[in-house]
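**Q** 3D model of this:
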Amino acid sequence: MTSSKHKILIVDDEPLNVELLSVYLGDEYDIVTAYNGRDALEKVKSEHPDLVLLDVMMPEMDGYDVCRVIRNEFKMDFIPIIMVTALTDKADHQRGIDAGADEFLKKPVGKFELDKKIASLLRIKDQHDTLLTEKNKAYQYLDYIGVLVAVLDLDLKVTHINKKGSEFLGYSPEKLVGREWIEFFIPRNSLNAIREHYKKLISGATKAYEYCEFPVIISSGEERLYRWYDSPLRDDSGNTVGILISGEDITERKAAEEQLKEYAFELKRSNDLKDLFTDVMRHDLLNPAGLIKSFVDILLKMESDEKKKRLLSNVNLSTEKLIAMIEDAAHLAKLESVDDISFVKIDIDSMLHDTIDSFMHQAEEKKIDVRLQLKSGSYAVANPMIERVFVNLLSNSIKYSPEGSTVIIEVASHGDKLKISFIDQGDGIPNSSKASIFERFKRLHKQEIRGTGIGLAIVKRIMDLHKEGFGVEDNPEGKGSIFWLTLKKEA
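**A** As a prediction, the model looks like this:
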């Protein structure tokens with residue numbers, strides 16, 4: 001069984017001194033001894049002690065020389081070294097510091113002072129070892145996660161790529177760095193579209209972190225479809241200096257999606273398929289995405305280099321978006337397995353105010369004025385999940401509305417019903433799309449906004465469970481749309 005005690009190397013050419021220190025420390029630590037400098041260096045390499053108690057005055061090789069070798073030749077910067085010496089001159093202490101000593105103890109050594117200094121230095125070493133281990137794990141995981149991460153310069157040449165990315169492409173990192181990304185890895189029929197994509201990303205015409213899908217050519221000549229989350233890299237002055245690309249191979253997933261859709265059509269969206277879909281989303285996709293985010297969070301806390309922190313922040317934002325999409329899909333699958341829901345009295349006024357507050361940052365970024373028009377004291381009979389409907393409809397209204405426009409949420413009384421409308425000033429919904437816009441995997445038509453195609457399907461499912469009306473129509477006061485729903489009033 002491996003000992004859980006810290007290991008201490010005691011070095012002194014006087015056996016009595018070694019014996020005394022061993023008696024002091026033997027109950028709490030594993031003791032290794034050496035009686036000269038060269039023996040001490042051999043014990044450092046073979047025994048890997050956690051701390052060294054080092055006598056200064058020794059023949060042939062003194063403590064200063066031993067300390068200097070440990071620090072400079074062995075490259076052991078974080079093994080604590082306490083010099084034990086009868087020398088009291090400041091110049092002697094300075095020599096010890098220059099050689100790399102951490103602390104000094106004056107002979108004869110008192111047990112109390114010895115215990116305190118050793119405990120303090122070992123506590124610092126343990127903290128350092130823990131941080132170093134976690135950092136190494138995080139970097140190793142980032143290298144081996146199933147995501148290609150690379151940096152392109154403004155000429156679209158590869159300046160950096162992670163280990164997993166080079167494995168995906170089938171080349172060593174040395175052969176990838178310096179390559180022109182588009183000319184070397186993008187199929188000819190996609191060149192112009194991808195070049196335009198990067199051009200818009202650099203200029204700011206395309207929003208960062210939104211995903212897109214396009215193929216790459218690997219070393220075997222095969223085309224593999226990737227989902228990309230790209231963002232511009234900027235220096236401290238805000239100038240774009242490159243592009244961070246992170247891509248996930250979705251070739252098999254796309255093929256699997258086609259098979260699942262066909263299977264779903266044949267079985268009319270059976271409960272078995274819903275369970276399978278939910279399991280895949282929650283376990284096969286959400287868990288790895290959560291691990292990526294956790295490790296990137298660790299790296300962000302440990303990293304001090306601002307450029308690396310910006311790179312990690314970009315990876316983090318992309319991972320958060322991926323997690324949100326997976327959670328939406330899993331949530332929809334869960335809703336579709338529910339047939340009956342309970343109803344309670346809901347304060348619509350308060351719930352809508354909370355919803356608006358949660359979107360104030362997004363609205364302010366686009367200078368959109370969100371207004372709530374209702375009479376106080378609006379109550380409905382509904383399930384609390386109705387808040388998800390409000391969140392999704394307000395999110396869509398802000399997302400598809402132009403900057404500087406107004407979004408109105410109107411609550412009106414119609415007999416025993418409340419009609420809640422979300423009115424925007426966007427481009428509107430074509431009549432040909434109104435019938436299908438609430439179906440899953442459908443999305444609004446604006447090409448520069450990439451949605452999951454699931455949000456409105458969640459709205460439809462929740463409203464179906466409430467057995468209430470909902471729909472979309474043109475805004476009669478100008479361009480834009482009105483998404484509306486009804487709820488039964490509280491009697």
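**Q** for Lys301, give its distance to Lys417.
**A** Lys301 sits 51 Å away from Lys417, going by Cβ to Cβ, to the nearest Å. Every C-beta, even on glycine, is put in place using the N, C-alpha and C of the backbone.
**Q** who has more neighbours out of those two?
**A** Under the neighbour definition other Cβ atoms under 10 Å, Lys301 and Lys417 were set side by side, and Lys417 has more, 16 against 13.
**Q** next one: phi and psi at that one?
**A** Recorded main-chain torsions at Lys417 are phi -120, psi 150, according to degrees, to the nearest 10.
**Q** what residues are bridge-paired with it?
**A** Taking DSSP bridges, one finds His414, Lys488 as the beta-bridge partners of Lys417.
**Q** so what pLDDT did it get?
**A** Model confidence at Lys417, expressed as pLDDT, equals 92.
**Q** so it makes contact with Leu485?
**A** No. Between Lys417 and Leu485 no contact is recorded; they are 9.9 Å apart, counting by Cβ atoms under 8 Å.
**Q** residue ranges in the chain under the pLDDT threshold?
**A** Along the chain, the model assigns pLDDT under 70 to residues 1-3, 135-146, 208-209, 264, 266-286, 321, 324, 328-330, 333, 440-453.
**Q** continuing past the helix or strand harbouring Phe184, what's the next helix or strand?
**A** When elements are assigned from DSSP states H and E, Phe184 belongs to helix 181-185. If you walk from helix 181-185 toward the C-terminus, the next helix or strand you reach (DSSP H and E) is helix 191-203.
**Q** show the contacting residues for Lys309.
**A** By Cβ atoms under 8 Å, 6 or more residues apart in numbering, the residues touching Lys309 are Leu300, Glu303.
**Q** do that again at 6 Å, thanks
**A** In this structure, Lys309 makes contact with Glu303, judged by Cβ atoms under 6 Å, 6 or more residues apart in numbering.
**Q** how about the one 10 residues further on?
**A** When contacts are counted by Cβ under 6 Å, 6+ apart, Thr319 is found next to Ala289, Ile292, Lys293.
**Q** now, among these, which is nearest to Leu393?
**A** For the contacts of Thr319, the closest approach to Leu393 (Cβ to Cβ) belongs to Ala289, at 26.1 Å.
**Q** what's the neighbour count on that closest one?
**A** 22.
**Q** circling back: pick out whichever of the contacts of Thr319 sits closest to Gly242.
**A** For those, with Gly242 as the reference and Cβ to Cβ as the criterion, the closest is Ile292, at 21.7 Å.
**Q** distance to Glu42 and secondary structure added to the contacts of Thr319, as CSV?
**A** Rendered in CSV, the data for these read as follows (distance: Cβ to Cβ, whole Å; DSSP: H, G, I helix; E, B strand; the rest coil):
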residue, distance to Glu42, secondary structure
Ala289, 49, helix
Ile292, 44, helix
Lys293, 46, helix
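**Q** domain assignment for the chain?
**A** Each structural domain of the chain that the record assigns through automatic domain parsing is listed here as a residue range: 7-132, 145-249, 252-337, 344-489.
**Q** ok, the spatially most central residue of the chain - contacts?
**A** Using Cα atoms, centre = their mean, the residue of the chain that lies closest to the mean C-alpha position is Lys293, 2.6 Å off. Contacts here follow Cβ under 6 Å, 6+ apart; on that basis Lys293 touches Thr319.
**Q** would you mind measuring from it to Val147?
**A** Counting by Cβ to Cβ, the gap between Lys293 and Val147 amounts to 12 Å.
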